[in-house]
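Asks: Predicted model follows, preceded by the sequence.
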Amino acid sequence: MAVVLLGAALLIVQPQAVPSRPTVSSKGEATAEPAQKEPFKKSDFKETICPNGTFQQLPQTVIIGVRKGGTRALLEMLSLHPDIAAAESEVHFFDWEEHFGNGLQWYANQMPFSYPHQITVEKTPAYFTSPKVPERVYSMNKLIRLLLILRDPTDRVLSDYTQVFFNHMQKRKPYPSIEEFLVKDGELNVNYKAINRSLYYVHMQNWLKYFPLDHIHIVDGDKLIKDPFPEIVKVERFLKLMPQINASNFYFNKTKGFYCLRDSGRDRCLHESKGRAHPKVDSVLLEKLHGYFHEPNRKFFELVGRTFDWH
C-alpha cells in the first residue's frame, strides 16, 4: 500500500506561541529559559480546505540534514507510506532570509496538498548546519518531530566535494582537485566547508538547545544504503505511523549499485546523480581525515548516547 510523493498530513500544525527557549542539560535534555517574544503569530497563517478535503499545511516533520547524508533517499523511502505527504523540493524556508521573510503562509504554500490523516514532510539538508534554524523551527512548532540522517564524516566530505565537482563539470567549468581543498600549507585544511559540515557534535549542540533528544531521530545513513528496510521501520515507529512499508518495497539494483524502490508494482530509483563514485584520495590524506574526526565523533556519540560505525 504505497503511494508516490503526494498526499499530505495530520491536523494542521498551527504556529504556536513560544513560552520559553530551552537549553541543554548535561543529559542532552531541553530545559526552559525565560520567555521570549514569538516571531510567528497565528494570524500569519490561514488554512484553506479544497473541495476534495485536502489542504496545504505546515509540516509536522522536517528532515533537517545532513547534506550528502542520504536525505533524498530517506524522503523517497518514507513517501512509500500512504500517510506521508512529502514536499518534492528543498524549501530552504528557515535558512534563506528571502524565503523566511515571506512568512508562514508562504511556507505552507510550498507544501503538498494532504488529507487530515497524513503527515506532511519537507527536507532541507542545510538546516542542520545553519545556526539560526533551530530557534526558528522551535518558534513555529516546539513539538515538531525532526529527522536527521548521518553517515561516516569522511565519506560525507568526499560526497560533498563530488557533488560540487559534477555541478561544475555539467556547466563546463573547471574545478580544483579535492586535494587542493583538503590540504593547505602541507596540513589538513580544517577550514574547508565540507569538513565543517561533518563536525556533527558542533551542530547537534545547537539543536539540543531547543529540542530534546526524543524529538530528533537519527537515521544511520550508512546502514540505510546497505539495508534500508530496518532503518525505515525505525522511522515509522518514531513518527507513530502504522507499519506499511515492507521489505518487498526495496530491491538491490546491481547496475546502479544501490537499493531502489518498488511501489505498487512500479520500480523507481534515485536520480543518476546519486551514488556517484568518489574521487581517489591518497591513503595518507584519508588517514589524516579519519584522525581529525576521531575526537569530534567521540563527542557526538557521547552527546546523543549512541555510537555509529565510523572510523
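Replies: On my side now, so go ahead. Residues are numbered from 1 along each chain as shown.

Asks: The residue nearest to residue 278 when sequence neighbours are not counted in helix, strand or coil?
Replies: Once flanking residues are discounted, residue 278 sits nearest to residue 158: 4.1 Å by CB to CB, 6 or more residues apart in numbering. The way it works is simple: take the backbone N, C-alpha and C, and place the C-beta from them, glycine included. Using DSSP: H, G, I helix; E, B strand; the rest coil, the structure places residue 158 in helix.

Asks: how close does residue 158 sit to residue 238?
Replies: In this view, residue 158 and residue 238 are 29 Å apart by CB to CB, to the nearest Å.

Asks: In the stretch 1-150 of the chain, what residue spans correspond to helices?
Replies: With DSSP state H, counting those that start in this stretch as the criterion, the stretch 1-150 of the chain has helices at 71-78, 97-100, 103-109, 133-140.

Asks: For residue 198, which of those is the nearest?
Replies: Between residue 198 and the helices of the stretch 1-150 of the chain, the shortest gap by CB to CB is with helix 71-78, which sits at 14.8 Å.

Asks: For the closest one, buried residues please.
Replies: 71, 72, 73, 74, 75, 76, 77, 78 (16 or more other CB atoms under 10 Å).

Asks: for that helix, packing partners?
Replies: strand 61-65, strand 84-86, strand 119-123, strand 145-150, helix 221-226, helix 228-238 (3 or more CB pairs under 8 Å, 6 or more residues apart in numbering; DSSP states H and E).

Asks: Need the mean per-residue confidence for the last one.
Replies: Rounded to a whole number, the mean pLDDT of helix 228-238 is 98.

Asks: contacting residues around the residue nearest the centre of the chain?
Replies: When CA atoms, centre = their mean is applied to the chain, the residue found nearest the centroid is residue 65 (2.7 Å). Neighbouring residues of residue 65 by CB atoms under 8 Å, 6 or more residues apart in numbering: 71, 124, 125, 126, 127, 128, 129, 148, 149, 203.

Asks: If you drop the residues flanking it in sequence, what lies closest to it?
Replies: residue 128 (2.7 Å).

Asks: residue ranges with poor pLDDT in the stretch 151-300 of the chain?
Replies: Residue ranges of the stretch 151-300 of the chain with pLDDT under 70: 271-276.

Asks: Apply 90 and report the result again.
Replies: 165-172, 174, 254-258, 263-280 (pLDDT under 90).
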